[in-house]
Structures are given as structure tokens and as C-alpha cells.
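**Q** Sharing a model that was predicted from the sequence below.
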Amino acid sequence: AQSVTQPDIHITVSEGASLELRCNYSYGATPYLFWYVQSPGQGLQLLLKYFSGDTLVQGIKGFEAEFKRSQSSFNLRKPSVHWSDAAEYFCAVGAPTSTSGTYKYIFGTGTRLKVLA
Amino acid sequence: DGGITQSPKYLFRKEGQNVTLSCEQNLNHDAMYWYRQDPGQGLRLIYYSQIVNDFQKGDIAEGYSVSREKKESFPLTVTSAQKNPTAFYLCASSINGRGARNEQFFGPGTRLTVL
């Protein structure tokens, strides 16, 4: 069965430090992968997505992610974290539903990022 | 501005009562989704709809019901049969549900608390 694992529940970094959030997926075919960010009490905003091609994808707010098929990973990175990046981050994979030809997201459990001033 | 609206933002319900959460989108999207979010569990799919007058159960549909009478609206009813309804509920839409690559757009959510 398809699944997404985010092994880190909480991560704390200092402002200006680099960041890497881990995401591992289990999916038999070519995965369609997404990273979303959620501020407290808000909806989710798409940061970036991977479908095919270049394995390093750029997103909004200075984030990037690298797809590594051999490791079944899609880790999110940012070279220098800002205090406003404090939020919860979700990795997701597009997967087929039980209805033929339709798809849904499977989400990881999220990583909450805290940024120290 | 195009987007998804959910109302109310906060909702309180007495145990044993049904309650309906509103979701409206003006993105002209065919597909709409309801998710439940609990701390440490990520988002879980409750129901989804690919087209008007059609919807399917997601992974945790028990105790919930939906309707899709209009393209722009996908209300969720939390019934008294839902044993643990206190959660944050998110509505989403995508241009259609026939591609794994289709981005989902999310509303701001409704926090439901059962008293």
C-alpha cells in the first residue's frame, strides 16, 4: 500500500541556519510528490511538487526538494531559515483511489518547525 | 479572488447533534475533498467528489455524510454516529481528480469542538 513517512515530528533550528525536512514514500509506480506548509489554524499552501524530469525542484519562499528514487525520498531543504518559516510541513504523494482513474493524496503526519531567534 | 471558503471557522456542538460544515469554491474545479486533521496524524480523507451529484467514501467516512448538488459547494455533515468528531476539518479542490499530479487547493479550515 502507498504510504508517506515523515520521521521527524518536531525540528528546531536557529534563524539563518539551514533546514532539511525528511520525507520517505512507498509507491510502486512513478510518484507524484508534493510539499505543503500549514501555519497554525490555517489551511495548507503548496510549496512545490515533483512529477518527472529534474530531480531537484524549486518552490516558493526559497524552498527546494530533491527526489531520490533509490532512497524513496523527497526531502525539503532551505539554505537559510527565517522566523516566518515556523509552521507545520506536510509531504504527500498522489495515489489512485478505489475508483478507477481517480486519484487522491496520501499525507505524511507532518513535521512541526520551530525557529529560534 | 478565486479560492475556497469554509464556514464557520469555529464550531461547537453538543454531543448527539448533527452539524454541517460549509465549503464553497469559485475556482471552477470539478473535484472536491474533505479531510480531517488530528494532532500527529496528518490529514485523512473523509469523502471526495469528482463531479456534481457524485461522491465516494474516503478512508474514514463512517459518521459523516456529504452532498454535491452544485459544482461550487460540497458541505460535510458530521452526524451523531461519529464517535470522536472534535478535530480540524479541511476542504480542498482540484481541477479534476483524474490525475495524480493535479494540485489540491485548500480552504482555511473549520475547527469543530464537541462539548
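**A** Alright, I've got the coordinates.
**Q** Now residue 13: phi and psi?
**A** You didn't pick a chain, so chain A it is. phi -130, psi 160 (degrees, to the nearest 10).
**Q** Actually, chain B is the one I wanted.
**A** Per degrees, to the nearest 10, the backbone of residue B:13 is at phi -140, psi 140.
**Q** Repeat that for residue B:58.
**A** phi -100, psi -150.
**Q** Skipping adjacent residues, who's closest to it in space?
**A** Spatial nearest neighbour of residue B:58, excluding adjacent residues (Cβ to Cβ, 6 or more residues apart in numbering or on different chains): residue B:45 at 3.3 Å. C-beta here means a position set from N, CA and C on the backbone, and glycine is covered the same way.
**Q** Sheet partners, orientation included, of the host helix or strand of that neighbour?
**A** In this assignment (DSSP states H and E), residue B:45 forms part of strand B:42-51. If you go by DSSP bridges, strand B:42-51 pairs up with strand B:31-38 (antiparallel), strand B:54-57 (antiparallel).
**Q** Tell me which helix or strand the residue in chain B positioned nearest to chain A sits in.
**A** At 3.1 Å from chain A, residue B:100 is the closest residue in chain B, using Cβ to the nearest Cβ. Per DSSP H and E: residue B:100 is located in neither a helix nor a strand.
**Q** For it, give me its contacts.
**A** A:32, A:94-96, A:103 (Cβ atoms under 8 Å, 6 or more residues apart in numbering or on different chains).
**Q** and residue B:89, that one's in a strand?
**A** Yes - assigned with DSSP: H, G, I helix; E, B strand; the rest coil, residue B:89 falls within a strand.
**Q** That one touches residue B:107, doesn't it?
**A** No - contact criterion Cβ atoms under 8 Å: residue B:89 and residue B:107 do not qualify, at 9.3 Å.
**Q** Which residues are in contact with each of those two?
**A** residue B:6.
**Q** Nearest spatial neighbour of the residue nearest in space to the middle of chain B, chain-adjacent residues omitted?
**A** Centroid-nearest residue in chain B, with Cα atoms, centre = their mean: residue B:34, separated by 2.7 Å. Of all residues not flanking residue B:34 in the chain, residue B:46 sits nearest, at 4.3 Å (Cβ to Cβ, 6+ apart).
**Q** Neighbours of the one you found, how many?
**A** 26 (other Cβ atoms under 10 Å in any protein chain shown).
**Q** Report pLDDT for it.
**A** Per-residue confidence at residue B:46 stands at 97 (pLDDT).
**Q** By proximity to chain B, which residue of chain A wins?
**A** Across chain A, no residue is closer to chain B than residue A:94, which sits at 3.1 Å (Cβ to the nearest Cβ).
**Q** That residue against residue A:105, yeah?
**A** Yes - here residue A:94 lies in contact with residue A:105, judged by Cβ under 8 Å, at a distance of 6.2 Å.
**Q** So for the two, which residues contact both of them?
**A** residue A:34.
**Q** and chain A, which residues reach chain B?
**A** When proximity is defined by Cβ under 8 Å from any Cβ of the partner chain, chain A lies next to chain B at A:9, A:32, A:34, A:36, A:41-46, A:49, A:51, A:90, A:94-99, A:101-105, A:107-110.
**Q** counting contacts, what elements does the longest strand belonging to chain A pack onto?
**A** Ordering each strand of chain A by length in residues (DSSP state E) puts strand A:87-96 first. In terms of contacts (3 or more Cβ pairs under 8 Å, 6 or more residues apart in numbering or on different chains; DSSP states H and E), strand A:87-96 is packed against strand A:3-5, strand A:32-38, strand A:73-78, strand A:103-107, strand A:111-116.
**Q** By mean pLDDT, show me the worst of these.
**A** strand A:103-107 (a mean of 89).
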